[in-house]
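Asks: Task: produce atomic coordinates for the following.
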Amino acid sequence: MLGAGVRTPFVLHGLVARQDELGLREVTLHDVDADRLGTMTALGRFLCETWGGTFEVRGEDEPRAALAGARFVFAAIRPGQEHARTLDEELPLHHGVLGQETTGPGGFAMAMRTIPAMLEHARTIEEVAPTALVIDFTNPVGVVTQALLDHSGVRAVGVCDGPASMHRSIAAFLGVPQERVSVDYAGLNHCGWIHRVRVDGEDRLTDLLDRFEDLRRFDRHWGLFEPELVRKIGMLPMEYLYFFYDRDRAVAHIRGSAGTRGAQVAEINDALWPVLRERVGAGDPAGAAGAWTRAMATRSDTYFARERGEHVRAAPDEDGSGPFRQDGYEGVAAAVILAAVRGGPAPLVLDVPNRGAIRCLEDDDVVEVTTMMDVNGARPLPQGGLPDDAEALLRRVKRYERLTVLAATTGSYETALDALTAHPLVDTEELARAILDDYVSAHAGLMALS
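Replies: Numbering: from 1, shown residues only. Alright, predicted model coming up:
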């Protein structure tokens, strides 16, 4: 696992749940921060033992030693940590543009810092673990996965829990076991739609569109979208499309919330890490685990609150389930490994080369679509054509993603400017230049352009 951040226990939890099927023997954590690595290794080892884990958990601060011989590599790195994310989100807001970690300028800034670091890891993987499958959790997932596949020889897929969460919500709303509900998802990371829903082979999308008011009441995450808009689209949008469909309201909500999500997460993490270090150092891993559980529950309960215009506060943990209320991205990642180990095939929504799956995009464009995952990798399933407005948005966002990869790998200021200008949420060179110059100044040493 590249990156021993606060979400590491989620992945470990997903692996413990499937350890017998996987035949898992060892998980090695690596991080550039030795103090954080030692703390999270001790906490992760304790949690795995508590959960009944039978595999070894160890930390390794030398990347080659950590990666050597790995069969799977989880990548969840964050150059600049939460302080950089806070700047990513705050700076564009000064110009009236969305400040969000993955969508818009915030995603651009993170990609520019992250792609060079990920490609350095990829070169090490090529040398010491050439057959490993890289499972990319690193945001912005689609852009980083595109860079890995374009500029390295590693095998890689990107993972996002958004489509899986949508699938789970739909099944629960329909009152049907999830395995009986099939969905087809098409788009890019944080920019896609469920455009087919079947229960036992019978189409249910029309029913869901007709009953969207009920779906909104059932699950608040659908509440970002007005029913009339969803029925006009003719598909079920993933939540991050809110930033494209209603960008002015989203910006107004964030600016009116007296902060950003990045700043909030930084505050949670800044308070958590000293407690984890102190409890682990005192020989009290159970105390560290309790502090981690409370912090992660708070983080989960306030997700997307400010973007929706809601008061940002944690809800009480009424069912006692803490942060493990749903099988999120860690479940998707474990399912990827399971399909690769056991042969599959398993239907999973992943970030992979298009290969004709979405008609309006190129074969080597990384897309987020329904795939069949097995021992040979992920095969994207044909999604055909999408409505004209959806295809137009995908083409624009994909152009921005491609230019961002080019800028990150060449260090070209002009290409970076072109990338930001191409993004639908920026759209003018004057605005793009102002935001880019702010980023270059704020991220000195992490975003070098010439």
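Asks: what about the nearest residue to residue 256 once chain neighbours are set aside, how many neighbours?
Replies: In space, and not counting its chain neighbours, residue 256 is closest to residue 309: 7.5 Å by C-beta to C-beta, 6 or more residues apart in numbering. (C-beta placed from N, C-alpha, C; glycine too.) Residue 309 has 14 neighbouring residues, counting by other C-beta atoms under 10 Å.
Asks: which regions of this protein sit below the pLDDT cut-off?
Replies: 312-327 (pLDDT under 70).
Asks: helix/strand/coil for the residue sitting nearest the centre point of it?
Replies: Central residue of the chain (C-alpha atoms, centre = their mean): residue 160, 4.6 Å from the mean position. Look at residue 160: counting by DSSP: H, G, I helix; E, B strand; the rest coil, its state is coil.
Asks: try residue 4
Replies: Going by three-state DSSP: residue 4 is coil.
Asks: how about stretch 288-303: buried residues?
Replies: For stretch 288-303, burial by neighbour count (16 or more other C-beta atoms under 10 Å) applies to 288-289, 291-302.
Asks: Including secondary structure and distance to residue 12, could those go into a markdown table?
Replies: Listed next are the buried residues of stretch 288-303 as a markdown table, based on DSSP: H, G, I helix; E, B strand; the rest coil; distance: C-beta to C-beta, whole Å:
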| residue | secondary structure | distance to residue 12 |
| --- | --- | --- |
| 288 | helix | 14 |
| 289 | helix | 12 |
| 291 | helix | 17 |
| 292 | helix | 12 |
| 293 | helix | 13 |
| 294 | helix | 18 |
| 295 | helix | 16 |
| 296 | helix | 13 |
| 297 | helix | 17 |
| 298 | helix | 20 |
| 299 | helix | 17 |
| 300 | helix | 17 |
| 301 | helix | 22 |
| 302 | coil | 23 |
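Asks: could I get these as a markdown table with distance to residue 401?
Replies: Putting the buried residues of stretch 288-303 into a markdown table (distance: C-beta to C-beta, whole Å) gives the following:
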| residue | distance to residue 401 |
| --- | --- |
| 288 | 38 |
| 289 | 38 |
| 291 | 37 |
| 292 | 34 |
| 293 | 36 |
| 294 | 37 |
| 295 | 32 |
| 296 | 30 |
| 297 | 33 |
| 298 | 32 |
| 299 | 27 |
| 300 | 28 |
| 301 | 31 |
| 302 | 28 |
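Asks: now, among the residues you listed, which is nearest to residue 449?
Replies: When the buried residues of stretch 288-303 are ranked by distance to residue 449 (C-beta to C-beta), residue 299 comes first, at 32.5 Å.
Asks: So the closest one sits against residue 266, correct?
Replies: No: using C-beta atoms under 8 Å, residue 299 makes no contact with residue 266, being 11.1 Å away.
Asks: thinking the residue nearest to the centre of the chain is in contact with residue 189, fair?
Replies: Yes: Residue 160 lies in contact with residue 189 (C-beta under 8 Å); the separation is 5.6 Å.
Asks: Now the common contact residues for those two.
Replies: Among the neighbours of residue 160, those also in contact with residue 189 (C-beta atoms under 8 Å, 6 or more residues apart in numbering) are 141, 351, 368.
Asks: follow-up on the earlier one: can you give me the distance of the residue nearest to residue 256 to residue 301?
Replies: Distance, residue 309 to residue 301, using C-beta to C-beta, to the nearest Å: 16 Å.
Asks: Repeat that for residue 379.
Replies: For residue 379, the distance to residue 301 - C-beta to C-beta - is 37 Å.
Asks: same deal with residue 198?
Replies: Distance from residue 198 to residue 301, by C-beta to C-beta: 33 Å.
Asks: returning to that earlier point: which of the shared contacts of residue 160 and residue 189 fall in helices?
Replies: Judged by DSSP state H, those include residue 141 as members of helices.
Asks: so what's the backbone phi/psi at residue 100?
Replies: The phi/psi pair for residue 100 (degrees, to the nearest 10) reads phi -150, psi 150.
Asks: ranges for the strands of the chain?
Replies: Remark: strands assigned in the chain by DSSP state E are 26-29, 56-59, 72-75, 133-136, 155-158, 181-188, 191-199, 202-203, 236-237, 346-353, 366-374, 377-380.
Asks: got the ones you listed as a markdown table, with distance to residue 94 and mean neighbour count columns?
Replies: Output for these, formatted as a markdown table (distance: least, C-beta to C-beta, whole Å; neighbours: other C-beta atoms under 10 Å):
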| stretch | distance to residue 94 | mean neighbour count |
| --- | --- | --- |
| strand 26-29 | 37 | 20 |
| strand 56-59 | 39 | 17 |
| strand 72-75 | 31 | 23 |
| strand 133-136 | 31 | 25 |
| strand 155-158 | 31 | 25 |
| strand 181-188 | 27 | 24 |
| strand 191-199 | 24 | 22 |
| strand 202-203 | 47 | 10 |
| strand 236-237 | 28 | 24 |
| strand 346-353 | 31 | 23 |
| strand 366-374 | 30 | 25 |
| strand 377-380 | 39 | 21 |
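Asks: Show me the one of those that comes nearest residue 272.
Replies: strand 26-29 (17.1 Å).
Asks: other SSEs contacting that closest one?
Replies: Strand 26-29 is packed against helix 8-17, helix 34-50, strand 56-59, with contacts defined by 3 or more C-beta pairs under 8 Å, 6 or more residues apart in numbering; DSSP states H and E.
Asks: Any chance of those in JSON lines with distance to residue 122 as columns?
Replies: As requested, these are arranged in JSON lines below (distance: least, C-beta to C-beta, whole Å):
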{"stretch": "helix 8-17", "distance to residue 122": "20"}
{"stretch": "helix 34-50", "distance to residue 122": "20"}
{"stretch": "strand 56-59", "distance to residue 122": "21"}
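Asks: Select, out of these, the one closest to residue 180.
Replies: Judging the helices and strands packed on strand 26-29 by C-beta to C-beta, what sits closest to residue 180 is helix 8-17, at 21.6 Å.
Asks: which parts of the closest one are buried?
Replies: 8, 9, 10, 11, 12, 13, 14, 15, 16, 17.
Asks: quick one: which of those residues is nearest to residue 257?
Replies: Nearest member of those to residue 257, counting by C-beta to C-beta, is residue 10, at 25.7 Å.
Asks: show me the contacts for the nearest residue to that closest one once chain neighbours are set aside.
Replies: Spatial nearest neighbour of residue 10, chain neighbours left out: residue 330 (4.4 Å); criterion: C-beta to C-beta, 6+ apart. By C-beta under 8 Å, 6+ apart, residue 330 lies in contact with 10, 11, 13, 14, 15.
Asks: Could you list the buried residues of stretch 255-265?
Replies: So, applying 16+ other C-beta under 10 Å, buried residues of stretch 255-265: 257, 259, 260, 261, 262, 263, 264, 265.
Asks: looking at it, the second one is touching residue 307, isn't it?
Replies: Right, the one you point to is residue 259. No: applying C-beta under 8 Å, one finds residue 259 not in contact with residue 307, separated by 11.9 Å.
Asks: So which of the buried residues of stretch 255-265 belong to helices?
Replies: Short answer: the buried residues of stretch 255-265 in helices (DSSP H) are 261, 262, 263, 264, 265.
Asks: measure stretch 11-24 end to end?
Replies: In stretch 11-24, first residue to last residue: 13 Å (C-alpha to C-alpha, to the nearest Å).
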